[in-house]
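**Q** could you look at this predicted model? Sequence included:
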Protein chains: 2
Amino acid sequence: MRFDRPPPEPLASAHGFLLSWNGHRISAMFAEGLEPLGLRPPHFGVLTLIEAKPGSTQQELVDRSQVDPSSMVSIIDELEATGLAERRDHPDDRRKHALYLTARGGKTLTRAREVAIKTFSEVFAPLDADERETLRRLLRKLAGIDD
Amino acid sequence: MRFDRPPPEPLASAHGFLLSWNGHRISAMFAEGLEPLGLRPPHFGVLTLIEAKPGSTQQELVDRSQVDPSSMVSIIDELEATGLAERRDHPDDRRKHALYLTARGGKTLTRAREVAIKTFSEVFAPLDADERETLRRLLRKLAGIDD
DNA sequence: TATTGTTATACTCTATAACTATA
DNA sequence: TATAGTTATAGAGTATAACAATA
């Protein structure tokens, strides 16, 4: 799928297609922006969750990220290999790992957030501030999030 | 990625994540709905485009669908194998094929459209009519479509 | 030489199930 | 017996580049 042009009619007339197309487009653009940092979107998600709750176990990250356990292993393997996060022994249970960001991981997450913001501005450029807020509200409602 | 629950915070706070999550969710639901018809979303797209302009060449479908040429070959192979579309000789150029829906293809497309509408109603159920129209307008604007 | 369609192939991403070590 | 994490493996889906036939 290419995203360098608007989707063609008659497909673009369908609400569902539009939502799907825009969603895949922003994913692809974000993934491309993350590439220079050596990250893919799931890495960003996991880094974000570790920062939000340092010391989380892999199981907790699985629950909060909707990523399956085996994928979580490889994502964290990669984060450790690139020195962005580390597994430490869990104080209460020798089966568990406690996950923490490294200093470098924190910095990389900051840069990844800048990428997210840049991608966001590019994609949402056609909308003014009011429209963006409306879209955000509608998308949250669509996702089943109560405000 | 799982879609049976709303996306977790803090991820759900990000506009981009919300758009991407909803987009992937509706794709996944539509794909699931199409399964009993033996179709995947790209088949639906190609059927739609052939119906919109019968006699299209594969190259034209590639241009209008944003699917790459080699994927187009397998999609059309599958549509022919299941008797939904057919390649005919192109009157002007022996390199080209002219694509047509079969009667069965037309019926299947109708049923696939019903699946699309059903998926759409499910996903957009949390929104009222005005909100849906607003969302449609914003998504078209986002996609770069001039109204 | 360029274009249409095709094939062969490789790659990315994810999911499934079986395994280990601990509880 | 159940849980945390891991491994091995297979699968879906897509993309890339080389190719034959025709223009």
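**A** Thanks, I have the structure now.

**Q** from here on, just use CA atoms for contacts and neighbour counts.
**A** OK.

**Q** pick out the residue nearest the middle of chain A.
**A** The centroid of chain A falls nearest to residue A:45 when counting by CA atoms, centre = their mean (4.0 Å).

**Q** does DNA strand D have contacts with the helix or strand hosting that residue?
**A** Using DSSP states H and E, residue A:45 falls within helix A:41-52. No. Helix A:41-52 is not in contact with DNA strand D by CA under 7 Å from any atom of the strand; minimum separation 12.4 Å.

**Q** which strands or helices does the helix or strand that that helix is followed by pack on?
**A** Going down the chain from helix A:41-52, the next helix or strand is helix A:58-65, by DSSP H and E. Applying 3 or more CA pairs under 8 Å, 6 or more residues apart in numbering or on different chains; DSSP states H and E, we find helix A:58-65 packed against helix A:41-52, helix A:69-81, strand A:97-101.

**Q** tilt between helix A:58-65 and helix A:69-81?
**A** Going by axes from the mean of the first three to the mean of the last three CA atoms, to 10 degrees, helix A:58-65 is angled at 110 degrees with respect to helix A:69-81.

**Q** average pLDDT across helix A:58-65?
**A** Here helix A:58-65 scores 95 as its mean pLDDT.

**Q** contacts for that helix, please.
**A** Residues outside helix A:58-65 that contact it (CA atoms under 8 Å, 6 or more residues apart in numbering or on different chains) are A:45-46, A:49-50, A:68-69, A:72-73, A:96-99, B:7-8.

**Q** what do you get if the cut-off is 7 Å, keeping everything else the same?
**A** With contacts defined as CA atoms under 7 Å, 6 or more residues apart in numbering or on different chains, helix A:58-65 is touched by A:49, A:68-69, A:72, A:97, B:8.

**Q** before we move on, the earlier item: between the helices and strands packed on helix A:58-65, which one is nearest to DNA strand C?
**A** Across these, DNA strand C has its closest neighbour in helix A:69-81 (4.6 Å, CA to the nearest atom of the strand).

**Q** does the closest one reach DNA strand D?
**A** Yes. Helix A:69-81 reaches DNA strand D (CA under 7 Å from any atom of the strand) through A:69-71, A:73-74.

**Q** from those residues, keep the buried residues only.
**A** In these, burial by neighbour count holds for no member, counting by 16 or more other CA atoms under 10 Å in any protein chain shown.

**Q** got those as TSV, with pLDDT and distance to DNA strand C columns?
**A** Shown next, in TSV, are the residues of helix A:69-81 next to DNA strand D (pLDDT from 0 to 100; distance: CA to the nearest atom of the strand, whole Å):
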residue	pLDDT	distance to DNA strand C
A:69	96	7
A:70	96	5
A:71	96	6
A:73	97	9
A:74	96	8
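
**Q** TSV please, covering these and showing distance to chain B.
**A** Below are those laid out as TSV (distance: CA to the nearest CA, whole Å):
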residue	distance to chain B
A:69	11
A:70	12
A:71	10
A:73	15
A:74	15
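
**Q** now the two most distant members of the residues you listed.
**A** Comparing every pair within the residues of helix A:69-81 next to DNA strand D by CA to CA identifies A:69 and A:74 as the most remote, at 9.1 Å.

**Q** up against chain B, what does chain A have?
**A** Counting by CA under 7 Å from any CA of the partner chain, the residues of chain A lying close to chain B are A:1-2, A:6, A:8, A:15-16, A:18-24, A:26-27, A:64-67, A:120, A:123-124, A:126, A:135-136, A:138-145.

**Q** now with 6 Å, please.
**A** Contacts of chain A with chain B, taken as CA under 6 Å from any CA of the partner chain, map to A:1-2, A:6, A:8, A:19-20, A:23, A:27, A:64, A:66-67, A:126, A:142-144.

**Q** considering those, which possesses the most neighbours?
**A** residue A:19 (28 neighbours; other CA atoms under 10 Å in any protein chain shown).

**Q** now do the helix ranked longest in chain A: everything it contacts.
**A** For chain A, the helix with the greatest residue count under DSSP state H is helix A:103-124. Here helix A:103-124 makes contact (CA atoms under 6 Å, 6 or more residues apart in numbering or on different chains) with A:30, A:84-85.

**Q** which helix or which strand is home to residue A:3?
**A** Applying DSSP H and E, one finds residue A:3 in no helix or strand.

**Q** can you pull the pLDDT of it?
**A** pLDDT for residue A:3: 79.

**Q** now do it: how many residues are near it, please.
**A** 15.

**Q** please list all residues in contact with it.
**A** For residue A:3, the contacting residues are residue A:25, by CA under 6 Å, 6+ apart.

**Q** measure it to residue B:23 for me?
**A** 14 Å (CA to CA, to the nearest Å).

**Q** same question, residue A:70
**A** Between residue A:70 and residue B:23 the computed distance is 24 Å (CA to CA).
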